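Enquirer: Dropping a prediction and its sequence here:
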Amino acid sequence: AHSSYIHSVAFSPDGSRIATAGYDRALRLWDASDLSSHLAEERDAHSNIISSLAFSLDGSRIATVGWDRALRVRSTSDLSSYEEALDAHSDYIHSVAFTRGGIATVGGDGALR
């Protein structure tokens, strides 16, 4: 369980895993068939609230965005390491989605990137 509000949830494309994130800045990966304990966790996935997350189309990566204006992309096999785009927006980032060509984000600055 999270220690505060869960702000975002997503199913993996094959439906076998669920990712959650939120106000406690933690990212958790769950087995969709058994929600009694999480498979993996990164407690400080961002330096502020995580507002959105998404699985890649093949389910191998998870992208997270948040109030720290960072976009982080992690392998589902290792949540502790990530690629990061700092200051992807000039205000906090509301939402993230994978596309066939990359990643799209929208932020409080009114921009789509």
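Expert: Nice, I can see it.
Enquirer: okay, CA-based contacts and neighbour counts for the rest of this
Expert: Will do.
Enquirer: and the helix or strand that contains H7, what does it pack onto?
Expert: Assigned by DSSP states H and E, H7 belongs to strand 6-11. Contacts defined by 3 or more Cα pairs under 8 Å, 6 or more residues apart in numbering; DSSP states H and E place strand 6-11 against strand 17-22, strand 50-55.
Enquirer: Give the buried residues for that strand.
Expert: 6-11 (16 or more other Cα atoms under 10 Å).
Enquirer: cool, and stretch 88-108?
Expert: 88-89, 91-98, 105-107.
Enquirer: ok, which pair from those residues is furthest apart?
Expert: Greatest spacing in the buried residues of stretch 88-108, by Cα to Cα: D91 and F98 (20.4 Å).
Enquirer: distance of the nearest residue to A26 once chain neighbours are set aside from S60?
Expert: Nearest non-adjacent residue to A26, counting by Cα to Cα, 6 or more residues apart in numbering: R43, 4.2 Å away. Applying Cα to Cα, to the nearest Å, the value for R43 to S60 is 20 Å.
Enquirer: now swap in D109 and tell me
Expert: Taken as Cα to Cα, the span from D109 to S60 is 29 Å.
Enquirer: Isn't G107 up against L71?
Expert: No - applying Cα atoms under 8 Å, one finds G107 not in contact with L71, separated by 11.0 Å.
Enquirer: What are the boundaries of the strands in this structure?
Expert: Secondary structure of the chain (DSSP state E): strands located at 6-11, 17-22, 27-31, 34-42, 50-55, 61-66, 71-75, 78-85, 93-99, 102-107.
Enquirer: would CSV of the ones you listed with distance to R113 be doable?
Expert: Below are the strands of the chain laid out as CSV (distance: least, Cα to Cα, whole Å):
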stretch, distance to R113
strand 6-11, 20
strand 17-22, 22
strand 27-31, 23
strand 34-42, 26
strand 50-55, 15
strand 61-66, 12
strand 71-75, 11
strand 78-85, 12
strand 93-99, 10
strand 102-107, 5
